[in-house]
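Visitor: dropping the sequence and predicted coords here.
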Amino acid sequence: MRILLALIICCLVTGDIIAGMYKCIDKNGRIHFGDRALAECESIDFKPRAVPREDEVRRSQERLKRRLDYLRRSEEIRREDKDREIKENAEKKRKQVEYRERCIIAQQNYHALRQKRPVYSINEKGERVYLEDEARVVEMERIRTEIETYCK
């Protein structure tokens, strides 16, 4: 409300000042300003601008508020989109690294199984359990599918 009052006072004071001013254009086309009309000039009275009505000021403020809200929402949406894109890229990169690691491990395991050397694992008791030939073939098939999946 104070802003509106200050705006109206400024317009009224400015209107009084401008009401006593004249714009003159001389014979050479130069423009002169003064507080009285000059005899050698064609004088043009300044008309003070009309003070905006209170409802016009309110509508203008509402339009400005809506525009600012729209700009804030737009900026927030852009920020959210950028954050989402960064997260998606990070997840994609993490997945690529994971696939690459699993690919390397699968290739190493496949190579070890193809060597026809004894392959074993350690059971819960700490004993070595050797892989039988049938189990080796099954394990090689399983690792081949892993290689197809992770080594694209």
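Guide: Noted; the coordinates are in hand.
Visitor: for Arg114, which non-adjacent residue is spatially closest?
Guide: Nearest residue to Arg114, sequence neighbours excluded (Cβ to Cβ, 6 or more residues apart in numbering): Met140, at 7.3 Å. C-beta: built from backbone N, CA, C; applies to glycine.
Visitor: quick check: the one you found touching Tyr110?
Guide: Yes. Between Met140 and Tyr110 a contact is recorded at 6.5 Å, counting by Cβ atoms under 8 Å.
Visitor: of those two, which one has the most company?
Guide: Neighbour count, other Cβ atoms under 10 Å: between Met140 and Tyr110, Tyr110 has more, with 16 against 13.
Visitor: contacts for the helix or strand encompassing Glu141, please.
Guide: When elements are assigned from DSSP states H and E, Glu141 belongs to helix 133-150. By Cβ atoms under 8 Å, 6 or more residues apart in numbering, the residues outside helix 133-150 that reach it are 99-100, 102-103, 106-107, 109-110, 113-114, 119, 131.
Visitor: give me that answer again for 6 Å
Guide: 99, 102-103, 106, 109-110, 113 (Cβ atoms under 6 Å, 6 or more residues apart in numbering).
Visitor: Ala106: neighbour count?
Guide: 20.
Visitor: which intervals of the chain have sub-threshold pLDDT?
Guide: In the predicted model, the chain carries pLDDT under 70 at residues 1-21, 37-49.
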